[in-house]
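**Student:** With the input below, show me the fold.
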Amino acid sequence: MSSMRGRWAWIVGWGLWTSAGGCGDPSSPPPATGTEGTSSTGATEAGTSGPSADDTSTGSVSEPDVTYHGDVRAVLERHCVTCHQPDAVAPFPLTTYEEAHALRESLVLSVEAGTMPPWMPGDGCQDYLGEPEFTDEERQLLRAWLDEGAAQGDPADYVPPTIPDPPGLSRVDLTLAMPEPYLPSQMPDDYRCFLLPWPEVETRYVTGFAALPDDLRTVHHMIAYAIAPDRVAQYEALDEADPEPGYTCFGGPGGPITSPQSAGTWLGAWAPGGITGDFPEGTGIAMEPGSRVVLQIHYNTLVGDLRPDGSAVQLRIDAEVERPAFSMLWADPAWLAGGMPIPAGEAQVVHSFELDPTQFMNLLTDVIPAGTPFQIHSASHHMHKLGTRAQQEILRGDGSRECLLELPQWDFDWQQAYRLADPVRFDPGDRLRLACEWNNEAGDQHVNWGDGTQDEMCLGVYYVTAL
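**Tutor:** Numbers count the residues shown, from 1 in each chain. A predicted model of the protein is given here:
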């Protein structure tokens, strides 16, 4: 690798293909206050019940306009029960009147606040595939149900909602399963990586991804990384050193993340309510013979009654594609050398980085020539536990700005990739800007870049192709 390629090693890496549906409004980058980096650029019971049948205070029986069976049940089935059902990842089900009634107040308030269904991007940045479509009318319906006493209504009034099937894979060419079931054990979260085989003997392109989580109660997210042949021995050593199935990992596929090779290539991911399926038509990520796949799984072990998990992933594979894709990871190279300090006691620390990648794209990949425009098909983001906000945007050569991804309330447990409804063009002369904010006010240790749970990162991740 040339010295220039080494300098920009981190502008390479991952492409994540899940756009979660299921659950701020800042329209500007994280504020440049606090410590700025020196980069190169219960539901509480409502306490009321439905109107009593013998309520004669007005001289007649008061019939509620909105009921559970007549109105609310269909709304919950459309937006909530994918996760909120028995033996699924949500902490409680919402599949019956009794369950919804017990949590009626917190249910309505969380929907009105926009915290449920969980959807991290702020309003007004971009349109994404899979964005939950909780309408104002549906919110008003839930509010009216609560205000009118949260009546059950007649089950005969129930009309099943129209719920479109998720996109999914158009075909399954390869299923990769864990070599043996794993019983999660670390509390309260268990991050485990499993080394999976890649059986193809010629160069092939991954053109779609789907996850098959086994124990939906505990599996919180799954990420599949492609490992290049010359890095396989490192991951085999990690796997062999741990007597249990797989090995412990956190910030990536395992081991120190000091180069694009050690980060792997992010093939795809899943989280509860997420949508997976085919990549953009005519595109795919190359996999060479001798490669391996690392499957990282985050287990939520607080659910109790832990069971062995045998999750798997499915891939669509093609021999050729019209436009090979490149998974581009974006970060300031200086951050990897300790240039991303997050001092102890600081409540608002911001680091940002901006540059035009077209100047040296030929040093990063052979699928996009240097000095030429390219398309961004998806954007995702990665920080650790201290992260609070993030923004990714294009600073256009004409002085305008275009937002790619705004995360006003970063949540490590809801990392997703957001597939743009329409690909965004990036031209030479534009600059790709990444900004991250952290809160280390309660910490007693200075924090910097690293792959451990007590370290931090600031990464933008893009699935890109030539025009």
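
**Student:** tell me what the helix or strand in which residue 237 is found is packed against?
**Tutor:** Secondary structure assignment for residue 237, by DSSP states H and E: helix 232-241. Packing partners of helix 232-241 (3 or more CB pairs under 8 Å, 6 or more residues apart in numbering; DSSP states H and E): strand 189-197, strand 247-248, strand 292-300. C-beta here means a position set from N, CA and C on the backbone, and glycine is covered the same way.

**Student:** just how off-centre is the last one within its chain?
**Tutor:** In terms of CA atoms, centre = their mean, to the nearest Å, the centre of strand 292-300 is set 14 Å apart from its chain centre.

**Student:** Just the buried positions in whichever helix or strand comes after it, please.
**Tutor:** Remark: after strand 292-300, the chain's next helix or strand is strand 312-318, criterion DSSP H and E. For strand 312-318, the neighbour count (16 or more other CB atoms under 10 Å) marks 312, 313, 314, 315, 316, 317 as buried.

**Student:** pLDDT wise, what is residue 45 at?
**Tutor:** Note for residue 45: predicted pLDDT of 35.

**Student:** again but with residue 57, I slipped
**Tutor:** Confidence at residue 57, expressed as pLDDT, is 39.

**Student:** rewinding a little: nearest to residue 95, of the helices and strands packed on helix 232-241?
**Tutor:** For those, proximity to residue 95 was assessed by CB to CB; strand 292-300 is nearest, at 20.0 Å.

**Student:** by contact count, what packs against the closest one?
**Tutor:** strand 189-197, strand 219-227, helix 232-241.

**Student:** Deepest in the core, which of these is it.
**Tutor:** With neighbours defined as mean count of other CB atoms under 10 Å, the helices and strands packed on strand 292-300 peak in mean count at strand 219-227, which reaches a mean of 25.

**Student:** Could you tell me which strands that strand is paired with, and in which direction each runs?
**Tutor:** Counting by DSSP bridges, the strands paired with strand 219-227 are strand 265-270 (antiparallel), strand 292-300 (antiparallel).

**Student:** and among those, the most buried is which?
**Tutor:** Compared across the strands paired with strand 219-227, strand 265-270 shows the largest average neighbour count, a mean of 26 (mean count of other CB under 10 Å).

**Student:** export that strand as PDB, just CAs?
**Tutor:** Coordinates of each C-alpha in strand 265-270 appear next as PDB, following Å, rounded to 0.1, in the frame of the first residue of the first chain:
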ATOM      1  CA  THR A 265     -16.400  -4.500   4.500                       C
ATOM      2  CA  TRP A 266     -19.900  -4.000   5.900                       C
ATOM      3  CA  LEU A 267     -22.100  -6.300   3.700                       C
ATOM      4  CA  GLY A 268     -25.400  -5.900   5.400                       C
ATOM      5  CA  ALA A 269     -27.200  -5.600   8.700                       C
ATOM      6  CA  TRP A 270     -30.500  -6.100  10.500                       C
END
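
**Student:** which other helices and strands contact the very next helix or strand once past that strand?
**Tutor:** Sequence-wise, the next helix or strand downstream of strand 265-270 (DSSP H and E) is strand 277-278. Counting contacts by 3+ CB pairs under 8 Å, 6+ apart, strand 277-278 packs against strand 204-212.

**Student:** quick one: the strand it packs on to strand 219-227, angle?
**Tutor:** With axes from the mean of the first three to the mean of the last three CA atoms, to 10 degrees applied, the angle from strand 204-212 to strand 219-227 works out at 170 degrees.

**Student:** Which elements pack onto strand 204-212?
**Tutor:** strand 219-227, strand 265-270, strand 277-278, strand 283-287, strand 312-318.
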